[in-house]
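>>> From the sequence below, what's the structure:
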Amino acid sequence: MTPEEIERYARHIVLREIGGPGQKKLLSAKLLCIGAGGLGSPALLYLAAAGVGQLGVVDDDEVSLSNLQRQVLHETAAIGQPKTASAKRALARVNPHVEVIEHCLRLDENNIDEVFSGYDLVLDGTDNFATRYLINQACVRAKKPLISAAMSQWEGQISLYDPARGGPCYQCIFPEAPAAGLAPSCSQAGVMGALAGVMGSMMAGEAIKHITGAGVGLRGALVIYDSLYGEMRKLTTRQRADCPVCGRAQDG
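Below you'll find the model as predicted:
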């Protein structure tokens, strides 16, 4: 590391669990964040600040005024601009040494494997079940770990899905999408803005732990945070043998 890098990341380097070797792993890591919205905004900011070498950002949306209550990556002047372009500018201001790659597109079956191919770890900050299932399936195929979070109103949840290393996949825990109306979007149900900061920061923290090998990650665990009552629960999760995506029937 250069003298500038040593000073910039000094607070990581002095942590026993990260140190110089862990920071070097961060500098060479390649992460893909799907969604530059409420969850992706704080996750990307902290990952850029941490010195992750390459950050891919997937989003096909433009910044709107209603985003700004929680999507802290974007500013008022960016309204109407692609979120990927706004994100790249903001992240360059935080850390100009991080390479940010824009993927201004909507993921589908035809492009997802190619987009995922250059990255070590995927973060899912999307807001609908169809896309989450698509992302999960691609991660299982490529044996890539997936950090996925979700939030609505005052409550958020997060886990690390990694069946290639003994944990469950997303569909093991959520086999089917809820019936229509049972899981309304943030635009329908509302969301407390700062909750996005909590959950997105947790995504970044889990990514940093996974890359550096520090502590105990959330593989095989689901954390649920209730910000209205200040409560947090941690549930044990397991792989399902009959899971259509990662179960034993898929091994052959």
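>>> In this protein, what helix or strand scores lowest on average pLDDT?
helix 186-189 (a mean of 73; mean pLDDT, DSSP states H and E).
>>> next SSE after that helix?
Using DSSP states H and E, the next helix or strand after helix 186-189 towards the C-terminus is helix 193-212.
>>> Check which helices and strands that next one is in contact with.
The elements that helix 193-212 packs onto, with contact taken as 3 or more Cβ pairs under 8 Å, 6 or more residues apart in numbering; DSSP states H and E, are helix 19-28, helix 40-50, strand 121-124, strand 146-152, strand 155-161, strand 221-226. (C-beta placed from N, C-alpha, C; glycine too.)
>>> What mean pLDDT does it get?
Average pLDDT, helix 193-212: 98.
>>> In it, which of the residues would be classed as buried?
The neighbour-count check on helix 193-212 (16 or more other Cβ atoms under 10 Å) flags 195-200, 202-212 as buried.
>>> Can you check what angle separates that helix from strand 155-161?
20 degrees (axes from the mean of the first three to the mean of the last three Cα atoms, to 10 degrees).
>>> pull the CA atoms of helix 193-212 into PDB?
Provided in PDB are the C-alpha atoms of helix 193-212 (Å, rounded to 0.1, in the frame of the first residue of the first chain):
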ATOM      1  CA  GLY A 193     -35.700   7.100   5.700                       C
ATOM      2  CA  ALA A 194     -33.000   6.400   8.300                       C
ATOM      3  CA  LEU A 195     -33.900   2.700   8.200                       C
ATOM      4  CA  ALA A 196     -32.300   2.600   4.800                       C
ATOM      5  CA  GLY A 197     -29.100   3.900   6.300                       C
ATOM      6  CA  VAL A 198     -29.100   1.200   9.000                       C
ATOM      7  CA  MET A 199     -29.800  -1.700   6.700                       C
ATOM      8  CA  GLY A 200     -27.500  -0.500   3.900                       C
ATOM      9  CA  SER A 201     -24.600   0.100   6.300                       C
ATOM     10  CA  MET A 202     -25.200  -3.500   7.600                       C
ATOM     11  CA  MET A 203     -24.900  -4.700   4.100                       C
ATOM     12  CA  ALA A 204     -21.500  -2.900   3.800                       C
ATOM     13  CA  GLY A 205     -20.400  -4.300   7.100                       C
ATOM     14  CA  GLU A 206     -21.200  -7.800   6.200                       C
ATOM     15  CA  ALA A 207     -19.400  -7.400   2.900                       C
ATOM     16  CA  ILE A 208     -16.300  -6.100   4.600                       C
ATOM     17  CA  LYS A 209     -16.400  -9.000   7.100                       C
ATOM     18  CA  HIS A 210     -16.800 -11.500   4.300                       C
ATOM     19  CA  ILE A 211     -14.000 -10.200   2.200                       C
ATOM     20  CA  THR A 212     -11.500  -9.900   5.100                       C
END
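>>> got the angle for that helix vs strand 146-152?
170 degrees.
>>> got the angle for helix 193-212 vs strand 221-226?
On the basis of the same axes, to 10 degrees, helix 193-212 is oriented at 160 degrees to strand 221-226.
>>> could the helices and strands packed on helix 193-212 go into TSV alongside distance to residue 81, mean neighbour count and mean pLDDT?
Converted to TSV, these look like this (distance: least, Cβ to Cβ, whole Å; neighbours: other Cβ atoms under 10 Å; pLDDT from 0 to 100):
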stretch	distance to residue 81	mean neighbour count	mean pLDDT
helix 19-28	29	17	98
helix 40-50	15	25	98
strand 121-124	22	26	98
strand 146-152	24	24	96
strand 155-161	27	24	97
strand 221-226	31	17	98
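>>> Which one of those lies nearest to residue 247?
strand 155-161 (13.6 Å; Cβ to Cβ).
>>> helices and strands around that closest one, which ones?
Using 3+ Cβ pairs under 8 Å, 6+ apart, strand 155-161 sits against strand 146-152, helix 170-173, helix 193-212, strand 221-226.
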